[in-house]
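# model this:
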Amino acid sequence: MKNRKLTISFIFFMSMMSTKAFAYDTQINGIYYNFKGTEAEVTYLSGDGDRNKNAYSGDVTIPESVSYRGKTYRVTSIGKNAFWYSKLKSINIPSTVISIGKKAFDSCLELTSVNISDGVKEIGKAAFTYCVSLPSITIPNSVTNIDSHAFRGCRSLKKVILSNNVTNIKDFTFGECKSLTSIIIPDGVTSIGENAFWQCIALTSVNIPNSITSIGKEAFRECKSLTSISLSNNMTEISFRTFFGCTGLVSITIPNSITSIGHDVFEDCKSLTSITIPNSVTSMGRGVFKGCSGLTNITIPNSVKAIGSSTFAKCTGLTSITIPNSVTSIDYNAFQDCTNLSSITLPDNITIIKSSLFTGCKSLKSIIIPNGVTTIEAYAFHDCIGLTSITIPNHVTTIKGNAFEGCSGLTTINIPNSVTTIGNNVFKGCTNLSSVTLHCKEIDSWFRGVSSLKKVNLGKEVVKICSNAFSDCNLETINIPNTVKEVGSHSFANNKSLKTATMPAHIKPGTNEIFKDCSNLKFVSVRSGNKVTRSTNKAWFKDPTPPVVSTPSSSSTPAIDPNSMSWPRPIYETPWDHMSDDEYVKRLYWDEKWQCTIRKSGKYYYVPEIGSYDNYIDAEGASYFMFTYGLTRTRGLYKAYH
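Down below sits the predicted model:
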C-alpha cells in the first residue's frame, strides 16, 4: 500500500514538473496552444519564453479551431511572444482571432507575408516590431486598437493600409519604418502619438484629417523625404520637435486653430523657404526654426507675445525680419549665426537685448535699439562684423561683458549718460573703432587696448575717469572737461600717437602717471578758466615718489622702489604686475631669497620671509600672503603659488 502511494505521488510530481517546464498545453500540427474554457491561444514552445528556443519556421496557417481529447476549442488569440525571434516566413491569421498579443511576432526577421483576417480587434504592443523583411500589411476594419511600437523598425515596410475604425496612432507605431513612402490616415483618427512616424525617411507625403486634435512629440521627426504637409483645423498646438530634421520639407500649412508652437518644432528643416504663421498663434518656443537655412522670409503676427531662445538661430538664408510690437520678450540666441540677416526691426516693448541675441550676424549693418531697452547683455552683438555704427538710447543703464566683441566694422559709438555699468571686454576686437562719445558719469577701463581708437569725446556728464580707461589706445588728442573731478592712474598710458592733452587745473599730476609712456606728448595743457598754460611736470608721466632706501635683510624692513635703488641690483627681478586700479607687484631675488614689493596708491610695501607662509598687514589694513616664487591676487587678497 505504501509503495502504491509513493508511485502515485511520484507520477503527480512529474506531471507538475512537466507543466512548469512548458508554456503550452499541447502541440497540434506544429502549433502550440494553451486552453481556457472553450478557447485556445497560440503560444510558444519554451517554458521560459526563451527567444532562442522558438520552434516556429516557414509558413504557418493558424486554424479557426482545434480538437484536443475529444473537445473542440476556438482559436481566439495569439499570445505574448508566441512567434518572437522565430524563422517564420508567412502567417495566416483566421477571423476567429480577436487579439494579437504583445511582441507576438517581435523580430521575426524572415517574415515577408502577414494576412490578418477581418475579426481581429486588437494588435498588441510591439506585435510586429523589427520584422525587417515585411514589405506591406493591410489592417482590416475590424481592428480598433493598435498599441504602441506595433510596427516599429519594420524597415522594409513600404505600404500600410490602416483600419477605418482605428482612432489613435500610438507612440512609435511606425517609428523607424525607413521604406514607408506614404500612408493614408483615416478620418476617424483623433490623435497621433509621440514618435509615431519617427525616422520614416522615405515618407514623402501624409494626410492629416480634420478629425486629428493632437500630434505628439517628435511624431514626424527626421522624415527627411517629407516635402509638404497640411495640419488639421482642430489642432491647437504643434508639439515639441514634431517636424525636427525634416530636411526635405518645403512647405507647411498652419491652420488658424493653432495657438502654440512648441520647442524645436521645425529645427533643421533646411528646405523650408517660407512659412505663414496665423494670427491665432500667441507663443513660440525655443529653437522653433533653428537651422532652417533655406528660410528667406517670415511674417510674425501681432498675436505673438514672446520669441523663445534660438528661435531663428542659424537661419543663414534669412535676410530681413520685422518683429511686431506685441512681442515683449526675445530670448537669448534668437538670431545667432543668421549670417545673411542685414536688417531687423525690433519691437518697442522689449527692455533687454538678451545675451548672444545677434552673435555671428555678420551681414547686420545697422540696428535701432528701442528706447525702452535698459540692458544689453553679454555677447549681444558678438562678431557682428558688418555693424558700422550703433546708437545706444538714453534709457540703457547696463552693457554687459563682450557685448560688442569682434565688431570689427564698428567705427563709432555713442554711449549716453544713462549708462552706469559696462562689463569687461565690451569692445574687444573692435579693430576699426576710431571714435567714441561718452556721456556716462564714470568711465572704467572699457576701451583699454582698443588700438584703433583715435578720438574720444567726453560729455559734461563725466565726473570720473578710472585707471587704465584709455591705456594702450592710439588717441591723438584728449580734452578733459572741467566737470571731471578724478582721473585714475595710467588713464591714458601708452598712447603713442597722443600729441595734445588738456586738463582742468584742479586735476594735479600727483603719482598716477596719467600719461605714462605717451612718448609723443611733450607737455600737458592746463586749463584754468579762460587761461591755458603748458605743464611739463614729469609727474604726469612718471611717479615721482622718492624711495625708502634700505637693504631687505629682515621682515621689519620697509620695501623700496626697485627702480630707484642706489645699492647693488638684485640678481633677478620681474616687471611690475598690474593687479588692480592702483596696485602693482614686483618680485626680486637676492642671494637665494625672494622679496615682493607691492606698490599701492604711490606707496611701497615689503612682503617679508620668503619660503614660508606669512601674513603682512600694510598701512591701509590690507592683508597679503607670501610663498616661494610668487604672489597672486584674488578678490583683493594676495595668495601664494610656486
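
# Going by C-alpha atoms from here, please, whenever you check contacts or count neighbours.
Fine.

# and residue 542, how many residues sit next to it?
Per other CA atoms under 10 Å, the neighbour tally for residue 542 reads 18.

# tell me the contacts of the spatially closest residue to residue 295 that is not a sequence neighbour?
Nearest in space to residue 295, with sequence neighbours left out and distances taken as CA to CA, 6 or more residues apart in numbering, is residue 273 at 4.0 Å. By CA atoms under 8 Å, 6 or more residues apart in numbering, the contact set of residue 273 is 250-251, 294-297.

# Least confident of the residues you listed?
Lowest pLDDT within these is found at residue 297 (85).

# Surely it is in contact with residue 274?
Yes: the pair residue 297 / residue 274 is scored as a contact, 5.9 Å apart, by CA atoms under 8 Å.

# Tell me, please, where in the stretch 501-642 of the chain the pLDDT is lower than the cut-off.
In the predicted model of the stretch 501-642 of the chain, residues 543-642 satisfy pLDDT under 70.

# If we use 90, what do you get?
509-512, 529-530, 538-539, 542-642 (pLDDT under 90).

# Geometric centre of the chain: which residue is closest?
Centroid check for the chain by CA atoms, centre = their mean gives residue 310 as the closest residue, at 7.7 Å.

# Could you measure from it over to residue 335?
Residue 310 is 6 Å from residue 335, where distance means CA to CA, to the nearest Å.

# do residue 81 as well
Residue 81 sits 51 Å away from residue 335 when distances are taken as CA to CA.

# Can you pick out the residue with more neighbours from these two?
Ranked by neighbour count (other CA under 10 Å), residue 81 and residue 335 place residue 335 first, with 27 against 24.

# Model confidence score at the more buried one, please.
Residue 335 carries a pLDDT value of 97.

# how many other residues sit next to the nearest residue to it once chain neighbours are set aside?
Spatially, and ignoring its direct neighbours in sequence, residue 335 is nearest to residue 313 (4.6 Å; CA to CA, 6+ apart). The tally of other residues near residue 313 (other CA under 10 Å) stands at 30.

# which residues does residue 313 contact?
Contacts for residue 313 (CA under 8 Å, 6+ apart) come out as 287, 289-291, 333-338.

# The residue nearest to residue 351 when sequence neighbours are not counted: which element?
Sequence neighbours aside, residue 373 is the residue nearest to residue 351 in space, at 3.9 Å (criterion: CA to CA, 6+ apart). Taking DSSP states H and E as the definition, one finds residue 373 inside no helix or strand.

# Would you quantify the distance from residue 373 to residue 344?
16 Å.

# Give me the more crowded residue out of those two.
Between residue 373 and residue 344, counted using other CA under 10 Å, residue 373 has the larger neighbour count: 20 against 16.

# Would you confirm that that one contacts residue 346?
No: here residue 373 lies out of contact with residue 346, judged by CA under 8 Å, at a distance of 10.6 Å.

# Residue 235 - how many residues pack around it?
Number of residues near residue 235 (other CA under 10 Å) recorded here: 22.

# quick one: the strands in the stretch 51-200 of the chain?
57-61, 65-68, 71-78, 87-93, 99-100, 113-116, 122-123, 136-138, 145-146, 159-161, 168-169, 182-183, 191-192 (DSSP state E, counting those that start in this stretch).

# Now distance to residue 440 and mean neighbour count too, for the ones you listed, in CSV please.
Shown next, in CSV, are the strands of the stretch 51-200 of the chain (distance: least, CA to CA, whole Å; neighbours: other CA atoms under 10 Å):
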stretch, distance to residue 440, mean neighbour count
strand 57-61, 85, 14
strand 65-68, 93, 14
strand 71-78, 81, 19
strand 87-93, 81, 19
strand 99-100, 77, 24
strand 113-116, 79, 18
strand 122-123, 73, 22
strand 136-138, 73, 16
strand 145-146, 68, 22
strand 159-161, 70, 17
strand 168-169, 62, 22
strand 182-183, 64, 17
strand 191-192, 58, 22
